[in-house]
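Engineer: what shape does this take:
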Amino acid sequence: MARVPAAPATAADPSRTNPLRTTLRRIRRAMPWAPRALARHYRSRRTHPTVELVHHPHPWGRALGLVTVVLLGAWLGLLIVGNVRTPVGPMNTTMTLRPSLTGGTKINVSPLGALELRSHNAPVRLDVNVDQLDPERAQALVDHPERISGLQEEIASDVRHGTIDLAVRSGVAVVVGATTLGLAVYRRPRRALAAGGLAFVLLAGAGGTAAATWNPNSVLEPKFSGLLSSAPSIVGNARSIVTEFDVYQQELARLVTNVTKLYDVTSTLPAYQPDPTTIRVLHVSDIHLNPASWKIIASLVEQYEINVIVDSGDTMDHGSAAENGFLDPIADLGAPYVWVRGNHDSRETQRYLEGIDNTHVLDEGKAVTVGGLRFAGMGDPQFTPDRSTDKSGLPSEEAAGARLAAALRAQKAAGTPVDIAIAHNPDAARETDGDVPLVLAGHLHHPEMEVLDEGTRLRIEGSTGGSGLRAVEGKHPDPIQASVLYLDRDTRRLQAWDEIRLGGLGLTTAEVSRHLPKENQPGAEPGGEESPSPTGGTPSKEPPSPSGSTSTEGSPSGP
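Structural biologist: This next block holds a predicted model:
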């Protein structure tokens, strides 16, 4: 058998001439776990999903967490270091910014109470605590009264410097507080710096909003809680505020001067010093047999130096003869007492009052001049001791009001125009619109103030007896309410009024709110949006004032 020789190797197949290379190729084919095969295998597995062990939070959740850290850190920063101690005139004060939903300024004058101003609308409130009176600076004012004339510039400068220091310190406090808390929570410097930056932006936005909504005239309508007897001295009298208030710093100087006087007499509060050209009328109503009302009225007469008291009815509860002895303290209240009959007062009650000294009973349009003012009044045509409140008596109320309006016109024609009309029911009082500048009423047990269509101002008083024997029928006792009306002695027009609100049975709160008619506020233009005056003037119209004001807890006090 012949043997055939192998074909010679060619350049196209070099592996045949290299047995080692041929052997390696065969090994790679036989081993699937070779490096390239393993690489191809793992690349193919990348297309399958993998399970992550670390959970990434939702972006909104991260943002909410960051905002929470910023707000909490900023608040802690303000709480710890965000206050400035600065002298304001003769007093040492502490200024602080606090988070708030309503804004405004609160001046704490311990131990007298707190003065609240609606100075701005922003999510921050300015707290000013009057810490103490500096004896040396106060004595310098006492020894050199001429320095008081320059006190307003000094106070304005002190407040300006204190506000700037407070803004800088508050900015540092919120940034440091938010950054520190962010570092503690996130443990990442970049996140912590982001928290600090966001806190600064929020504070700057709040400051810009406060500056844009700043209302310097808010000092004209303060809300003072605390010791009732100190409130008039701190706020100042209405006549002086109306005639002398130009800019915020002037009234601030007046406030500081009055507070200085209060501290200077230590625990002895000074007497209220009203302007001699102002007539002060105390308006009370709906006493309803509450014996505590007489002590309250006597205290208000003394503190405010009241010229005349006006009672718009419902002094009694059933109008029986057995109740008449309740009226005897009226003779000792210290001021003339003008009274009209309410629907809980009987004719027997009216006859008994006519025999009490210093009391003027008005009915059927009768007019009388008391304390420099001319009054006319109409008794309530209804007598409802059963406490009925239906509307069946409305026609009789309107008829009584029409008779009162006719009497007012007759008085004006005789050359003796009436300054203030009085009726118990507001339905009767509204019939006098256009015939008198001011008409007083009660009956509703809550205060209201409105300007009627023809220009007459209607003042409805709350219950000075706290609804009397009915005070405990509801969930909370009704407050005791009264008003002090300030009228110009020359024009006999209303300049301002104080709403006085005392806590009901068992409560120890007191609040005095100062209000001014729209035409008496700074910047009011005489002649704009005005209606003919019942007495020849032109009082400007204004929307009804808010009825009442929310009571705030204050220092235990009583008149």
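
Engineer: quick one: residue 161 and residue 84 touch, right?
Structural biologist: No. Residue 161 is beyond contact range of residue 84, at 9.3 Å (criterion: CB atoms under 8 Å). Just so you know, the C-beta spots here come from the backbone N, C-alpha and C atoms, and that holds for glycine as well.

Engineer: show me which of these two is the more surrounded one.
Structural biologist: Taking other CB atoms under 10 Å, residue 161 and residue 84 do not tie; residue 84 has more neighbours (20 against 14).

Engineer: in a strand, the more buried one, correct?
Structural biologist: Yes. Applying DSSP: H, G, I helix; E, B strand; the rest coil, one finds residue 84 inside a strand.

Engineer: start at 25, not 1
Structural biologist: That works, and once the first residue is 25, the last one we named lands at residue 108.

Engineer: for it, list the residues it contacts.
Structural biologist: 118-120, 186, 189-190, 193 (CB atoms under 8 Å, 6 or more residues apart in numbering).

Engineer: how close does residue 313 sit to residue 335?
Structural biologist: 13 Å (CB to CB, to the nearest Å).

Engineer: next one: residue 102
Structural biologist: Per CB to CB, residue 102 is found 50 Å from residue 335.

Engineer: of the two, who's got more company?
Structural biologist: Neighbour totals were compared for residue 102 and residue 335, and residue 335 leads with 31 against 21 (other CB under 10 Å).

Engineer: wait, that one touches residue 312, no?
Structural biologist: No. The criterion here is CB under 8 Å, and residue 335 misses it with residue 312 at 11.8 Å.

Engineer: okay, and residue 190 sits in which element?
Structural biologist: In this structure, residue 190 is located in helix 175-210 according to DSSP states H and E.

Engineer: after that helix, which helix or strand is next?
Structural biologist: helix 213-236.

Engineer: only alpha carbons, please: show that following helix as CSV.
Structural biologist: The C-alpha coordinates for helix 213-236 follow below in CSV (Å, rounded to 0.1, in the frame of the first residue of the first chain):
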residue,chain,number,x,y,z
PRO,A,213,-21.6,70.5,54.1
ARG,A,214,-23.3,71.3,50.7
ARG,A,215,-26.7,70.4,52.1
ALA,A,216,-26.1,72.4,55.3
LEU,A,217,-25.0,75.5,53.3
ALA,A,218,-28.1,75.1,51.1
ALA,A,219,-30.3,75.1,54.3
GLY,A,220,-28.5,78.3,55.6
GLY,A,221,-29.0,80.1,52.2
LEU,A,222,-32.6,79.2,52.0
ALA,A,223,-33.2,80.5,55.6
PHE,A,224,-31.6,83.8,54.7
VAL,A,225,-33.8,84.1,51.6
LEU,A,226,-36.9,83.4,53.6
LEU,A,227,-36.0,86.0,56.2
ALA,A,228,-35.2,88.6,53.5
GLY,A,229,-38.6,87.9,51.9
ALA,A,230,-40.4,88.3,55.2
GLY,A,231,-38.5,91.5,55.9
GLY,A,232,-39.4,92.9,52.4
THR,A,233,-43.1,92.0,53.0
ALA,A,234,-43.0,93.8,56.4
ALA,A,235,-41.4,96.9,54.8
ALA,A,236,-44.0,96.9,52.0
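
Engineer: now the angle from it to helix 175-210?
Structural biologist: If you take axes from the mean of the first three to the mean of the last three CA atoms, to 10 degrees, helix 213-236 sits at 150 degrees to helix 175-210.

Engineer: poorly predicted segments of the stretch 225-374 of the chain, please.
Structural biologist: 243-244, 248-299 (pLDDT under 70).

Engineer: helices along that one, start to end?
Structural biologist: Using DSSP state H, counting those that start in this stretch, the helices of the stretch 225-374 of the chain run over residues 255-259, 262-268, 272-288, 316-328, 371-377.

Engineer: check the stretch 375-524 of the chain too.
Structural biologist: Using DSSP H, counting those that start in this stretch, helices in the stretch 375-524 of the chain cover 418-437, 450-453.

Engineer: give me the distance between residue 464 and residue 327.
Structural biologist: Using CB to CB, we find residue 464 at a distance of 21 Å from residue 327.

Engineer: just to revisit the earlier point, how about a markdown table for the contacts of residue 108, with distance to residue 394 and neighbour count added?
Structural biologist: Below are the contacts of residue 108 laid out as a markdown table (distance: CB to CB, whole Å; neighbours: other CB atoms under 10 Å):
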| residue | distance to residue 394 | neighbour count |
| --- | --- | --- |
| 118 | 48 | 16 |
| 119 | 48 | 21 |
| 120 | 49 | 18 |
| 186 | 49 | 19 |
| 189 | 54 | 14 |
| 190 | 51 | 21 |
| 193 | 57 | 19 |
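
Engineer: residue 46: which of these is nearest?
Structural biologist: residue 193 (86.5 Å; CB to CB).

Engineer: contact partners for that closest one?
Structural biologist: 105-108.

Engineer: more neighbours, residue 464 and residue 327?
Structural biologist: Comparing residue 464 with residue 327 by other CB under 10 Å, the one with more neighbours is residue 464, at 30 against 19.

Engineer: quick check: that one touching residue 306?
Structural biologist: No. Counting by CB under 8 Å, residue 464 stays clear of residue 306, with 11.1 Å between them.

Engineer: look up how far residue 119 lies from the spatially closest residue to residue 189 that is not a sequence neighbour.
Structural biologist: Leaving aside its sequence neighbours, residue 189 sits nearest to residue 108 (CB to CB, 6 or more residues apart in numbering; 4.7 Å). Shown here: residue 108 relative to residue 119, a distance of 5 Å by CB to CB.

Engineer: what's the answer for residue 127, then?
Structural biologist: Counting by CB to CB, the gap from residue 127 to residue 119 is 15 Å.

Engineer: also residue 503?
Structural biologist: Residue 503 sits 33 Å away from residue 119, taking CB to CB as the criterion.
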